[in-house]
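Visitor: got a predicted model here, sequence first, then my questions.
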Amino acid sequence: MRTYVVTGAASGIGAATSDLLHGQGHRVIGVDRHEADVIADLSTHAGRATAISAVEEITDIVHGIVPCAGIAGLTGVDPAAVVSVNYFGAVDLVQGLHARLAAAEGAAVVLLASNSITCQPGWATSVADLCLSGDEAAACAEAAATEAVHVYPATKAALAWWARREGVTPAWAGQGIRVNAVAPGLIATPMTDRLRDDPELGVFADAYPTAIGRPGRPGEIAALIGFLLSDASSLLVGSVVFADGGTDALLHPRSPERWVT
């Protein structure tokens, strides 16, 4: 039995991942704003500190972390909140539990990116760069100058780039902690339902093609996450795995676009 921390555990991909790991006999510490083992608001420094302290009180060892908590870039959503939850709510938690991960002597982190980083045009690369610099105030201020729909992919790109930049370093791979990311496409979750109901952006919910002709299912992403957490993926370090039913490949047959700035 291993111990995993999953944020956003009350619904969507987080809930599916928690169910999968529970079904495999593992211990899961769920973090969410409700219906979780640890109740915390990851949009604030105080909320993240609360989550980290609570996990540390529960366990001395963490074998894996999956930060699934996130906010969609919908009409009327505060762009700064998208930055704080999606990027800093994930990275700060992972960094804060680094010692618990290292104590496992073989652990894994799986970050939730998105295929919007290659399939959605016009997103704010400057926000992604500021996220990677670690300056939350500056990233939030930059995000406030644009729309949430263009901030969401920026936060997801920053997570993918953080996984690649940090995953290969002595602090992470050198400590036996594998860091990777998954980049889902459109997945049938409550977040997707809110997108379809959006008065301005709802028309884009099914705008991108897929080779399989349907949205993904939370369980399909959970299965990939479970693999990346397992010893079977021991050679994957700093990888970003697209799981979008072929959308990115259909739009970019040779290679993903806007992958670098």
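Guide: Done, it's in.

Visitor: burial count for Arg100?
Guide: The burial metric for Arg100, expressed as a neighbour count using other CB atoms under 10 Å, is 21. C-betas here are computed from N, CA, C, even on glycine.

Visitor: just the helices in the chain please.
Guide: According to DSSP state H, the chain carries its helices in the segments 12-23, 45-58, 79-82, 89-96, 98-102, 116-119, 125-133, 136-144, 148-167, 190-197, 218-229, 247-251.

Visitor: for the second one, which helices and strands make contact with it?
Guide: When contacts are defined as 3 or more CB pairs under 8 Å, 6 or more residues apart in numbering; DSSP states H and E, helix 45-58 sits against strand 27-32, strand 38-39, helix 89-96.

Visitor: related to what we said a few turns ago, which one of the helices of the chain has the poorest average confidence?
Guide: Among the helices of the chain, helix 190-197 carries the lowest mean pLDDT, a mean of 66.

Visitor: sorry, back to before: now the helices and strands packed on helix 45-58 as JSON lines including distance to Ile71?
Guide: Formatted as JSON lines, the helices and strands packed on helix 45-58 follow (distance: least, CB to CB, whole Å):
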{"stretch": "strand 27-32", "distance to Ile71": "13"}
{"stretch": "strand 38-39", "distance to Ile71": "17"}
{"stretch": "helix 89-96", "distance to Ile71": "9"}
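
Visitor: any chance of TSV for the ones you listed, columns distance to Leu130 and mean neighbour count?
Guide: Shown next, in TSV, are the helices and strands packed on helix 45-58 (distance: least, CB to CB, whole Å; neighbours: other CB atoms under 10 Å):
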stretch	distance to Leu130	mean neighbour count
strand 27-32	25	22
strand 38-39	28	18
helix 89-96	13	23
